[in-house]
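Asker: after the sequence you'll find the predicted model.
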2 protein chains.
Amino acid sequence: MNGGIGLDRLSLNQATVKRLGLREAVELCVRHEIPAIGLWRDRVAETGLAEATAVVRAAGLRVSSLCRGGFFTVADPGGHRAALADNLAALEEAAELGTGTLVLVCGGLPAGQRDLGLARRMVADAIGSLVPAALRYGVRLGIEALHPMFCADRCVISSLGEAVDLAALFPAEAVGVVVDTYHVWWDARLADEIARAGRRIVSFQVCDWVLPLPADTLLGRGHLGDGCIDFAPIAAAVAAAGYDGDVEVEIFNAQVWDAPPDVTATAVRERFAAVLGGGGARRLSG
Amino acid sequence: MNGGIGLDRLSLNQATVKRLGLREAVELCVRHEIPAIGLWRDRVAETGLAEATAVVRAAGLRVSSLCRGGFFTVADPGGHRAALADNLAALEEAAELGTGTLVLVCGGLPAGQRDLGLARRMVADAIGSLVPAALRYGVRLGIEALHPMFCADRCVISSLGEAVDLAALFPAEAVGVVVDTYHVWWDARLADEIARAGRRIVSFQVCDWVLPLPADTLLGRGHLGDGCIDFAPIAAAVAAAGYDGDVEVEIFNAQVWDAPPDVTATAVRERFAAVLGGGGARRLSG
């Protein structure tokens, strides 16, 4: 195995071309022979679910994932019920759109709270309550570990190992994990945790860690090759774990968003081929 | 055990009052009945080693640690030799100043490199080569895991577990770990890793995680209680691991630096007593 990933597995996550509506993003993928797309719920809603589904299908694209559910760490009962209802709706949308993966950003500390253990139990409880619906819709909940710098305000699941531990509480047909290079590249245990995740991996997302971090740390991501991440060994570990699905390029970066979408799509394809296309994969040391 | 830490164990890390010279920082500690100080090499050098030692001794302060050694991930042979020589000098200074701990910030990725495994082996090799000197001087090298957001550019040791694994390669009399709440609070495995660290803990540093992160992410730290960290369970875990040494308040924050030092010292004491003084310690969940 040389670890190479062909362009036939490239997916453009819609967040990479944030300014485009769903129809424009789909057309961009078609124009650049990108065979899959990761959709976002706000853009789906704007287009209308039925219309969005029709547009994607007519274009012949696969939908690699729907972003995103989660934000479970709401303490007040009304907000908690609303979060669960919203996640149920997201599962239904994912099924309609024809993707098997709903990406979860689980939520940070509840307002005014400092108890990480409590927040993590809230996440586990919420995921548990969504399992029956996930099984019914045939959509897996993908727990995404976010970088620890987002632990307080966005996601208390801060390492892949923690995501795997959490997913393992539930049936594999209902709950998996998302491996996003930006969030987990630093982890000395990454190779072991990817192996342990195995068939639980429901999505593989890639972008680079670029320094210096921008003022808004959400936007510090870059095109593959522009930063510090050694992608080949991570990709090889993900492949060895058995994941052979689409690979999403998801870049939150104000400059990328300001670039002409065709320039972005061209860069996405070229970098994907150059960085992940194989030939140079090494074992992930660690 | 209620996990409380008395003010007799409070140490002011000099970085908290960055604008003060060593003599002024020592006088501040004396004025505020802070019995220990964490020193920085640049301020020691500015004062002169012999003079700094005399000033601290005359004031009756303990030196809880010397910051800092490390920055081992230099690829070129000349730079590598210089880094080792500088660390040997730091060990000698620590011994002269009467502290048993040299804090290590191990270094980020070598310039132009992306191989984390290589960087981590460089760190391990460098620490190994310093062990004989550490034993000779009776000073322990404290491996500090820095927050993963600093992995690329400052320290490839990104979790306490990784620091413990690394320290365990060497004699406990020579190499230990530093637990700094700012860097490790997010870790779901923290309680287990603190327990595993046990007597390897050579320093316990505290400050809070404050949002939003500032543009310079090095400076996003706050006074205890100003942020998101639940200190009591971490302090209880550190106590249960057997650590009963000084507890350093180390705050990198431009506003704290701009405040009058007496205001800062007063806040440091008050927050330390309120947040760590005991009565409310809980077990670290996770």
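Answerer: Yep, it's here.
Asker: what residues does the stretch 51-200 of chain A have near chain B?
Answerer: Counting by Cβ under 8 Å from any Cβ of the partner chain, the stretch 51-200 of chain A comes close to chain B at A:109, A:114-118, A:120, A:147-149, A:151-153, A:156-159, A:161-162, A:165, A:185-189. Using the backbone N, CA and C atoms, a C-beta is placed for each residue, glycine as well.
Asker: where's A:Tyr137 relative to chain B, distance?
Answerer: 29 Å (Cβ to the nearest Cβ, to the nearest Å).
Asker: hmm, A:Ala89 and that residue touching each other?
Answerer: No: with contact defined as Cβ atoms under 8 Å, A:Tyr137 and A:Ala89 do not form a contacting pair (10.9 Å).
Asker: give me the more crowded residue out of those two.
Answerer: Neighbour count, other Cβ atoms under 10 Å in any protein chain shown: between A:Tyr137 and A:Ala89, A:Tyr137 has more, with 20 against 14.
Asker: tally of neighbours for the residue of the stretch 51-200 of chain A found nearest chain B?
Answerer: Per Cβ to the nearest Cβ, A:Gly117 is where the stretch 51-200 of chain A lies closest to chain B, at 2.6 Å. Using other Cβ under 10 Å, the number of residues around A:Gly117 comes to 17.
Asker: also the one 5 residues further on?
Answerer: The tally of other residues near A:Met122 (other Cβ under 10 Å) stands at 22.
Asker: what does the pLDDT read for it?
Answerer: At A:Met122, the predicted lDDT confidence score is 97.
Asker: what packs against the biggest strand by length in chain A?
Answerer: The longest strand of chain A (DSSP state E) is strand A:62-70. Counting contacts by 3 or more Cβ pairs under 8 Å, 6 or more residues apart in numbering or on different chains; DSSP states H and E, strand A:62-70 packs against strand A:10-13, strand A:36-40, helix A:41-47, helix A:77-97, strand A:101-105, strand A:140-144, strand A:201-206.
Asker: give me the angle between the fourth one and strand A:140-144.
Answerer: Inter-element angle recorded for helix A:77-97 and strand A:140-144: 120 degrees (by axes from the mean of the first three to the mean of the last three Cα atoms, to 10 degrees).
Asker: just the buried positions in helix A:77-97, please.
Answerer: Under the neighbour-count criterion of 16 or more other Cβ atoms under 10 Å in any protein chain shown, helix A:77-97 has A:80, A:83-84, A:87-88, A:90-97 buried.
Asker: redo the residues you listed as JSON lines? Include pLDDT.
Answerer: Listed next are the buried residues of helix A:77-97 as JSON lines, based on pLDDT from 0 to 100:
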{"residue": "A:His80", "pLDDT": "93"}
{"residue": "A:Ala83", "pLDDT": "96"}
{"residue": "A:Leu84", "pLDDT": "97"}
{"residue": "A:Asn87", "pLDDT": "98"}
{"residue": "A:Leu88", "pLDDT": "98"}
{"residue": "A:Ala90", "pLDDT": "98"}
{"residue": "A:Leu91", "pLDDT": "98"}
{"residue": "A:Glu92", "pLDDT": "98"}
{"residue": "A:Glu93", "pLDDT": "98"}
{"residue": "A:Ala94", "pLDDT": "98"}
{"residue": "A:Ala95", "pLDDT": "98"}
{"residue": "A:Glu96", "pLDDT": "98"}
{"residue": "A:Leu97", "pLDDT": "98"}
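Asker: just want the angle from the helix or strand harbouring the residue of the stretch 51-200 of chain A closest to chain B to helix A:77-97.
Answerer: For A:Gly117, the element it lies in under DSSP states H and E is helix A:116-137. Comparing the axes of helix A:116-137 and helix A:77-97 via the same axes, to 10 degrees yields an angle of 40 degrees.
Asker: return the set of buried residues in helix A:116-137.
Answerer: Residues of helix A:116-137 classed as buried: A:116-120, A:122-124, A:126-127, A:130-131, A:133-135, A:137 (neighbour count, 16+ other Cβ under 10 Å).
Asker: what of stretch A:100-108?
Answerer: A:Gly100, A:Thr101, A:Leu102, A:Val103, A:Leu104, A:Val105, A:Cys106, A:Gly107, A:Gly108.
Asker: residues touching the spatially closest residue to A:Glu92 that is not a sequence neighbour, list them.
Answerer: The spatial neighbour of A:Glu92 that comes closest, neighbours along the chain excluded (Cβ to Cβ, 6 or more residues apart in numbering or on different chains), is A:Tyr137 at 6.4 Å. Neighbour list for A:Tyr137: A:Leu91, A:Glu92, A:Ala94, A:Ala95 [criterion: Cβ atoms under 8 Å, 6 or more residues apart in numbering or on different chains].
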